[in-house]
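Visitor: build me a model from this:
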Amino acid sequence: MNLSIPVNSKAVDNKYIIKLKTNSTAVDNVTSSMGVTPYHKFTHASQGFAARLTDEQLKKLNNDPNVERIEKDEMLHADFYIDEGFAYEDEDAPDEDAVGRAAYGESNTKEAARGKRTARNLVPRTSTKYSKNMLAQEDAPWNLARISHRERHYTNYTYDKSAGTGVCVYVLDSGINTGHRAFGGRAKFVKDLTDEGTDDNNGHGTHVAGIIGSSSFGVAKNATLYAVKILRQDGHGASSLLVAGMDFVLTDAPTRFCPRGIVVNVSVGNPHSKIINKAANRIVRAGYFLAVSAGNYGHDAKTRSPASASLACTAAATTFNDELDPKSNFGYAVNVLAPGIRIKSTWKGQKFMTQSGTSMASAHVAGLGAYYMGLYKNLGTICSFITRRAAKNLIKMGASSGTPNRLINNRRRGEHFY
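Guide: Here you go, the predicted model:
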């Protein structure tokens, strides 16, 4: 049997992911007959297991008629980076939105000249009533203001007061600092797959979750957030952890009370993997909305997983100046564009951090999916709904062939841009 193992890929300590054929012999039968001890078993996102294999065991599995595919268990990492001069853990930090405007040539703000404001004013103002059923967050982070207006330079984020109520968002990442005040008790830790405990010791997952649903920095401010920890403190994991995380979602989500639906966010990247892509597609076929990051290599997103999964909603990153981030992956695998550069959000402790990358873009898309699911019923394919409502042809794309020029926007049905 000729099974495909990706060439030029790095196996982690001779670890592999084995996908069994549909309706094949149970995992336990295969592993026991081969003398294999799996460290992960998959039953829903994929039927199979992950294990450390000797050369002899690998050879036997290659010839086992129950086996559909074997892939190396490759390194997985968060899709973010930190711009020099824009990473702050202190609450008395420079106003990133003001500094960002200055960096992009905007000079119409006093904060840009001052460069600082007090910790009391670091968190954006609370939302006030804007119109019937609508709220406005004044002096919102630039990225939130950007997705509620067609044009740049607005400073308020306007949104329906439902704000993702009744929607549950699974964040497959480094965990969530559930005690951060910006989550208001809506963030919960549900699964650790790293054996490092329930704390987010890295911060990336908390940052992503804050963009999705925190009160100060979030798109869907009333959504419930569930942390599934697949990244270690160093921000790395393995592709088997991602499959295990998606497998957990498919078993756990039916037990939760989420009357308006389920969203899954994956702001991590891996070299192209058919096993990961099939697992991602199963998430969507189960009726859940899956937002994923395109990656930060400046390459075609078709080379990454789950970015290249056919049913995932893949996000590339844009800048304050309405340009595609040069580091963002691109191409036909991308569905939408979303803010991803110098994004302020929640962090470890009660602190805040500015990060950049398609991780942040994916979080905006996940939050927008939750927002729309809380607002409307019977949306059909959520990614298609988001794509149709996006602002078209606003982003300077450069040589990013095949990338759709669609910047996400939270306008409601029948609502024109303003």
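
Visitor: all contacts plus neighbour counts: C-alpha atoms, from now on.
Guide: OK.

Visitor: low pLDDT regions in the stretch 51-200 of the chain?
Guide: Low-confidence segments of the stretch 51-200 of the chain, defined by pLDDT under 70: 84-131.

Visitor: could you pull out the strands for it?
Guide: Assigned by DSSP state E, counting those that start in this stretch, the strands in the stretch 51-200 of the chain fall at 67-72, 75-78, 127-131, 134-137, 157-160, 167-173, 187-192.

Visitor: which among those strands is found nearest to Leu231?
Guide: When these are compared by CA to CA, strand 167-173 sits nearest Leu231, at 5.5 Å.

Visitor: how far off centre is the closest one?
Guide: Relative to its parent chain, strand 167-173 has a centroid offset of 9 Å by CA atoms, centre = their mean, to the nearest Å.

Visitor: same deal with stretch 322-334?
Guide: Relative to its parent chain, stretch 322-334 has a centroid offset of 15 Å by CA atoms, centre = their mean.

Visitor: cool, stretch 215-223 as well?
Guide: The chain centroid and the centroid of stretch 215-223 are separated by 15 Å, computed with CA atoms, centre = their mean.

Visitor: how long is that stretch end to end?
Guide: Start-to-end span of stretch 215-223 (CA to CA, to the nearest Å) is 10 Å.

Visitor: so which residues make contact with it?
Guide: The contact list for stretch 215-223 (CA atoms under 8 Å, 6 or more residues apart in numbering) reads 123-126, 140-141, 144, 162-169, 182-184, 186, 209-214, 344-346, 364, 367-368, 370-371.

Visitor: quick one: buried ones out of these?
Guide: 123, 125, 140-141, 144, 162-169, 182-183, 186, 209-214, 344-346, 364, 367-368, 370-371 (16 or more other CA atoms under 10 Å).

Visitor: picking up where we left off before, just name the most buried of the strands of the stretch 51-200 of the chain.
Guide: Highest mean neighbour count among the strands of the stretch 51-200 of the chain (mean count of other CA atoms under 10 Å): strand 167-173, with a mean of 28.

Visitor: quick one on the thing from earlier: the strands of the stretch 51-200 of the chain: which one's closest to Ile230?
Guide: Of all the strands of the stretch 51-200 of the chain, strand 167-173 sits nearest to Ile230, with 5.4 Å by CA to CA.

Visitor: what pairs with that closest one, and is each one parallel or antiparallel?
Guide: Neighbouring strands of strand 167-173 in its sheet, by DSSP bridges, are strand 224-229 (parallel), strand 261-266 (parallel).

Visitor: just the buried ones among the contacts of stretch 215-223: which are in helices?
Guide: Members of the buried ones among the contacts of stretch 215-223 lying in helices (criterion: DSSP state H): 144, 209-213, 364, 367-368, 370-371.
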